[in-house]
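Peer 1: Dropping the sequence and predicted coords here.
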Amino acid sequence: MYKQQGLSLLIFSWYKNLCLFGVWTTKTINGLKESLILTRY
């Protein structure tokens, strides 16, 4: 029981980090696109 709980906690933290990384990546890509557009004009 304890082992299973630890495993689900591990999966949850990994999933949370994945989501945070996805949000950060999206923000970074959007920021790069905006700066590219700004430097063009």
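Peer 2: Great, that's in hand.

Peer 1: Show me the helices in this protein, by range?
Peer 2: With helices called from DSSP state H, the chain shows them at 2-40.

Peer 1: mind showing which ranges of it have poor pLDDT?
Peer 2: 1, 41 (pLDDT under 70).

Peer 1: Give me the buried stretch members for stretch 28-41, please.
Peer 2: In terms of neighbour count (16 or more other C-beta atoms under 10 Å), stretch 28-41 has no buried residues at all. From N, CA and C alone the C-beta is placed, and that goes for glycine too.

Peer 1: ok now it, how far from the chain's centre?
Peer 2: Stretch 28-41 has its C-alpha centroid displaced from the chain centroid by 20 Å (C-alpha atoms, centre = their mean, to the nearest Å).

Peer 1: which outside residues touch it?
Peer 2: Outside of stretch 28-41, no residue comes within contact range by C-beta atoms under 8 Å, 6 or more residues apart in numbering.

Peer 1: could I get it in CSV with only the CA atoms?
Peer 2: The C-alpha coordinates for stretch 28-41 follow below in CSV (Å, rounded to 0.1, in the frame of the first residue of the first chain):
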residue,chain,number,x,y,z
THR,A,28,9.1,31.3,-24.2
ILE,A,29,8.1,30.5,-27.8
ASN,A,30,5.4,33.2,-27.7
GLY,A,31,7.9,35.7,-26.3
LEU,A,32,10.4,34.8,-29.1
LYS,A,33,7.7,35.2,-31.8
GLU,A,34,6.8,38.6,-30.4
SER,A,35,10.4,39.8,-30.3
LEU,A,36,10.9,38.6,-33.8
ILE,A,37,7.8,40.5,-35.0
LEU,A,38,9.0,43.6,-33.1
THR,A,39,12.5,43.5,-34.7
ARG,A,40,11.1,43.1,-38.2
TYR,A,41,9.2,46.4,-38.2
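
Peer 1: and stretch 27-41, how far from the chain's centre?
Peer 2: Worked out by C-alpha atoms, centre = their mean, stretch 27-41 lies 19 Å from the chain centre.
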